[in-house]
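Undergrad: Please find the sequence and the predicted model below.
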Amino acid sequence: MDTSYPREDYLSAPSHKREPSPTVGTSPLPRDHLVWSIFNTIYMNFCCLGFVALAFSVKARDRKVAGDVEAARRFSSKARCYNALATAGSVVLPLLLAALVIMGVIHLSKLAQESVSFFTYQFSGSDDEDK
């Protein structure tokens, strides 16, 4: 009785790996933007847009799992739009506010310098007025 391992038979056996089916004419599945939505919800929830984007991302993922690609694409597009708005609102508005504060400080410092120079000129002891 031969108890050796049949190496030749094992190597020649057909592999059980599935070959990807050719997808001619089909578009790839839409992205659900779930990670971006979670980030916007936790860190940059400007006017609750991050939460709205999270809701649409979950809907897009559910529709993608169910096989409804068109609905998943619509929800994905809405999630991307709300994520972009939340990110822009959370990044641009604080930068705009910081720029306004800096411009206000610069304007007030110039105004203070002008008023100091005005008062030092007015109240300095000039000899021309006394004579």
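TA: On my side now, so go ahead. Numbers count the residues shown, from 1 in each chain.
Undergrad: Where does pLDDT dip in this protein?
TA: For the chain, residues meeting the criterion pLDDT under 70 lie at 1-26, 122-131.
Undergrad: and the nearest residue to K64 once chain neighbours are set aside, how many neighbours?
TA: Distances taken as CB to CB, 6 or more residues apart in numbering place A72 nearest to K64, at 4.1 Å, with adjacent residues excluded. Yep, even glycine has a C-beta here, placed from its N, CA and C like the rest. A72 has 22 neighbouring residues, counting by other CB atoms under 10 Å.
Undergrad: L97 now?
TA: With other CB under 10 Å as criterion, L97 counts 10.
Undergrad: Run through the neighbouring helices and strands of whichever strand or helix holds it.
TA: L97 is part of helix 69-122 when elements are defined by DSSP states H and E. Judged by 3 or more CB pairs under 8 Å, 6 or more residues apart in numbering; DSSP states H and E, helix 69-122 is in contact with helix 34-42, helix 49-66.
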